[in-house]
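*Asks:* what follows is a protein structure lacking sequence information:
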Ligand SMILES: CCCCCCCCCCCCCCCC(=O)SCCNC(=O)CCNC(=O)[C@H](O)C(C)(C)COP(=O)(O)OP(=O)(O)OC[C@H]1O[C@@H](n2cnc3c(N)ncnc32)[C@H](O)[C@@H]1OP(=O)(O)O
């Protein structure tokens with residue numbers, strides 16, 4: 001299959017935080033943000049492979065900054081690496097702060113999607129060819145994150161995760 005660049009899956013969504021989206025502190029409710037991120041990442045995965053995709057796992061979520069009511073929130077998702085049927089998708093979340101409209105990074109998440117056929121069986125997706133320094137860094141780390149996700153879901157034995165182990169154990 002012909003490799004695709006991360007930029008080909010780039011998906012940008014902009015949302016406005018309304019009262020219904022907030023928690024008791026009047027900040028964006030985390031569950032609402034997770035839903036927006038899942039949607040944005042799913043579209044990016046679909047753009048990469050042009051097939052039906054399902055969320056296999058949420059590998060990492062980091063809520064770095066509370067997002068106040070009234071904020072304009074921009075989500076940017078790109079496929080960082082593909083394996084056989086699975087794709088790692090990074091979602092970066094930005095808010096426009098104050099009247100000057102300064103953009104700050106508020107959150108980040110990493111999802112895994114799997115392309116499936118009409119019966120829900122996993123099917124092959126194109127590989128990823130990273131271009132920028134950040135895309136290359138994310139591509140390189142994806143194998144370790146995949147191994148961690150598979151260990152946590154009971155689909156891989158820790159002793160098989162050679163790249164992940166190499167982070168901690170120098171032989
Ligand atoms: C014309 C049309 C226009 C349409 C325009 C729409 C555009 C926009 C699209 C938006 C589409 C909606 C997006 C909704 C997104 C949901 O909300 S989906 C709902 C929530 N998710 C689900 O219900 C998924 C339920 N789980 C499953 O169906 C199955 O477990 C899975 C994920 C398909 C995996 O199947 P399996 O039989 O366990 O397969 P298995 O061979 O073990 O693994 C297959 C691959 O998954 C990976 N994997 C499995 N588990 C994990 C895990 N926990 N962590 C990481 N990787 C894993 C494996 O490593 C393997 O990867 P590869 O080596 O192939 O790369």
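*Replies:* In hand now; what should we look at? This one's a predicted model, so the numbers in the text were calculated from it and none came from an experiment.

*Asks:* worst mean pLDDT across the helices and strands of this structure, which element?
*Replies:* Ranking every helix and strand in the chain by mean pLDDT, DSSP states H and E puts helix 162-168 at the bottom, with a mean of 81.

*Asks:* packing partners for it?
*Replies:* Packed against helix 162-168 by the contact rule (3 or more Cβ pairs under 8 Å, 6 or more residues apart in numbering; DSSP states H and E) you find helix 133-152. In short, each C-beta sits where N, CA and C put it, glycine included.

*Asks:* name the helices or strands packed onto the helix it packs on?
*Replies:* strand 52-63, strand 72-82, strand 86-97, strand 102-116, helix 162-168.

*Asks:* these into CSV, with extra columns for distance to residue 20 and mean neighbour count?
*Replies:* Shown next, in CSV, are these (distance: least, Cβ to Cβ, whole Å; neighbours: other Cβ atoms under 10 Å):
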stretch, distance to residue 20, mean neighbour count
strand 52-63, 19, 16
strand 72-82, 14, 23
strand 86-97, 18, 22
strand 102-116, 19, 19
helix 162-168, 41, 12
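
*Asks:* for residue 69, see how far away residue 39 is.
*Replies:* Distance, residue 39 to residue 69, using Cβ to Cβ, to the nearest Å: 21 Å.

*Asks:* so which bits of the chain are right by the ligand?
*Replies:* 42-43, 46, 53-57, 83-86, 112, 114, 116, 120, 122, 149-150, 153, 155 (Cβ under 6 Å from any ligand atom).

*Asks:* isn't residue 49 right next to residue 125, touching?
*Replies:* Yes. Here residue 49 reaches residue 125: they are 4.0 Å apart, a contact under Cβ atoms under 8 Å.
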